[in-house]
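# sequence and computational prediction follow.
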Amino acid sequence: MIFRKILAVAALTFLALGNVYAAGSPLHEDYTALLAISDKMLEAAKASDTTAFSAAASEASDVAKDQGNKGNSPRLQRISTKIKQAKKAAKGGDFTLATKLVEEARVEMNKPDTKPTFGGMAEGAQ
């Protein structure tokens, strides 16, 4: 009976340690599909084509939503918000704002993956 309790405690401990390691692992996301779609959005904005821009923005939103279902990513949420704002601006006819928002989303996509910091300290702080 005591052996079963010890075995159960050991199994639960290893299970908990496995979950802690998984939660602390760095996140790598692939934005190649979104970058290709953002190129289409920029071309449509240069041509002032509202329908092509809206179609590309809808496609980008679907891809971002699909990637978001795989994990909770703050960066992907910022990108998705910029794409939605750009679509709204293009529907209103403001292609300069739409272009600016798509460029901001591209900058966010091109940022390198950074190692997560724990404990509330800023990067480089001691």
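Nice, I can see it.
# can you check the pLDDT for the spatially most central residue of the chain?
Nearest to the centroid of the C-alpha atoms of the chain, with distances taken as CA atoms, centre = their mean, sits residue 76, at 1.8 Å. Note on residue 76: pLDDT of 87.
# quick one: it and residue 65 touch, right?
No - under the criterion of CB atoms under 8 Å, residue 76 lies out of contact with residue 65, with a separation of 9.3 Å. C-beta coordinates here come from the backbone N, C-alpha and C atoms, glycine included.
# shaky segments in this structure?
Residue ranges of the chain with pLDDT under 70: 10, 14-28, 70-72, 114-126.
# as a check, name the ranges of all helices in it.
The residue ranges that make up the helices of the chain, judged by DSSP state H, are 2-23, 32-46, 50-68, 74-91, 95-110.
# so which elements touch the last one?
Secondary-structure packing of helix 95-110 (3 or more CB pairs under 8 Å, 6 or more residues apart in numbering; DSSP states H and E): helix 32-46, helix 74-91.
# how about the fourth one?
Taking 3+ CB pairs under 8 Å, 6+ apart as contact, the helices and strands that helix 74-91 lies on are helix 32-46, helix 50-68, helix 95-110.
# what separation do you get for residue 111 and residue 48?
As judged by CB to CB, to the nearest Å, residue 111 and residue 48 stand 29 Å apart.
# more neighbours: which of the two?
Neighbours were tallied for residue 111 and for residue 48 using other CB atoms under 10 Å; the higher tally belongs to residue 48 (12 against 9).
# is it true that that one touches residue 95?
Yes - under the contact definition of CB under 8 Å, residue 48 touches residue 95, with a separation of 5.5 Å.
# what count of nearby residues applies to the spatially closest residue to residue 111 that is not a sequence neighbour?
Taking CB to CB, 6 or more residues apart in numbering as the measure, residue 111 lies nearest to residue 75, with 7.3 Å between them; neighbours along the chain are not counted. Residue neighbour count, defined by other CB under 10 Å, stands at 14 for residue 75.
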